[in-house]
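Trainee: pasting the structure only:
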């Protein structure tokens, strides 16, 4: 692939990262990273299963003081057909506010992706993500409504290095609830959303650089 395309991909990834420098305050979607494939598994057989586990620590400010949470994201993806991926994730969370600690889980998320090969090492995905309100919303760990997130992704592989850039639009379905640290509690949702707070509609992006060992 010619150098200008590489420059565009790297520049787009860096631009998305800079544009979302406050991502700990906003983004709750696009958590799944498609893992780069080795040459031996470049064309995996159907039903290939991949798992990811990631841990994230976030600190935030509240009117009454500081808070923090540790989120352990557990993802599973299955490839039932050559160009299709389905999967999902859920994250146990340890939330600390005002000297108290609360344990809970985020809303489970399911997704489906369709992959398209543009050139030898350049791929694109068209995908849909669905978040179901089954998490610990009463504790401020999960939102209390369903959300959908259609997104597009592009990835480019250079030997052991893979660049990824995803762009999507997250939209809440149904009535709104308290989404952020600065939202006041109301009668329907006494605890504001403290873990991955967000708005009812958000444009999201994620840039990733993956290395195979």
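Mentor: Received it, and whenever you're ready, just let me know what you need. Small disclaimer: the values here were computed from a predicted structure and weren't measured. Numbering: from 1, shown residues only.
Trainee: can you list the weak-confidence ranges in this protein?
Mentor: Along the chain, the parts satisfying pLDDT under 70 run over 1-47, 175-190.
Trainee: now do 80
Mentor: 1-48, 63-65, 174-191, 212 (pLDDT under 80).
Trainee: name the helices or strands packed onto the longest strand along the chain?
Mentor: Under DSSP state E, the strand in the chain containing the largest number of residues is strand 65-81. Helices and strands touching strand 65-81, by 3 or more C-beta pairs under 8 Å, 6 or more residues apart in numbering; DSSP states H and E, are strand 48-62, strand 84-90, strand 92-97. Backbone N, C-alpha and C define where each C-beta goes, glycine included.
Trainee: out of those, nearest to residue 116?
Mentor: Of all the helices and strands packed on strand 65-81, strand 84-90 sits nearest to residue 116, with 11.2 Å by C-beta to C-beta.
Trainee: quick one: strands adjacent to the closest one?
Mentor: Strand 84-90 pairs in its sheet with strand 65-81 (antiparallel), strand 109-117 (antiparallel), by DSSP bridges.
Trainee: Mind putting those strands into JSON lines with mean neighbour count and distance to residue 152?
Mentor: Below are these laid out as JSON lines (neighbours: other C-beta atoms under 10 Å; distance: least, C-beta to C-beta, whole Å):
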{"stretch": "strand 65-81", "mean neighbour count": "16", "distance to residue 152": "18"}
{"stretch": "strand 109-117", "mean neighbour count": "16", "distance to residue 152": "10"}
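Trainee: could you dump these to CSV with distance to residue 101?
Mentor: Output for the strands paired with strand 84-90, formatted as CSV (distance: least, C-beta to C-beta, whole Å):
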stretch, distance to residue 101
strand 65-81, 10
strand 109-117, 24
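Trainee: Figure out which of these is closest to residue 191.
Mentor: That would be strand 65-81 among the strands paired with strand 84-90, by C-beta to C-beta, at 12.0 Å.
Trainee: And the contacts of that closest one?
Mentor: Strand 65-81 is contacted by residues 31-32, 34, 44, 46-61, 85-98, 106, 141, 194-196 when judged by C-beta atoms under 8 Å, 6 or more residues apart in numbering.
Trainee: Assumed residue 138 was part of a helix.
Mentor: Yes. With DSSP: H, G, I helix; E, B strand; the rest coil as the criterion, residue 138 is part of a helix.
Trainee: ok, and the closest non-adjacent residue to residue 83?
Mentor: Once flanking residues are discounted, residue 83 sits nearest to residue 115: 4.7 Å by C-beta to C-beta, 6 or more residues apart in numbering.
Trainee: so that neighbour makes contact with residue 85?
Mentor: Yes. In this structure, residue 115 is within contact of residue 85 by C-beta atoms under 8 Å, at 7.1 Å.
Trainee: list residues touching both of the two?
Mentor: With C-beta under 8 Å, 6+ apart as the test, residue 115 and residue 85 both reach residue 125.
Trainee: so where does the residue lying closest to residue 116 once chain neighbours are set aside fall, helix or strand?
Mentor: Closest residue to residue 116 apart from its sequence neighbours, by C-beta to C-beta, 6+ apart: residue 124 at 4.8 Å. According to DSSP states H and E, residue 124 maps onto strand 122-131.
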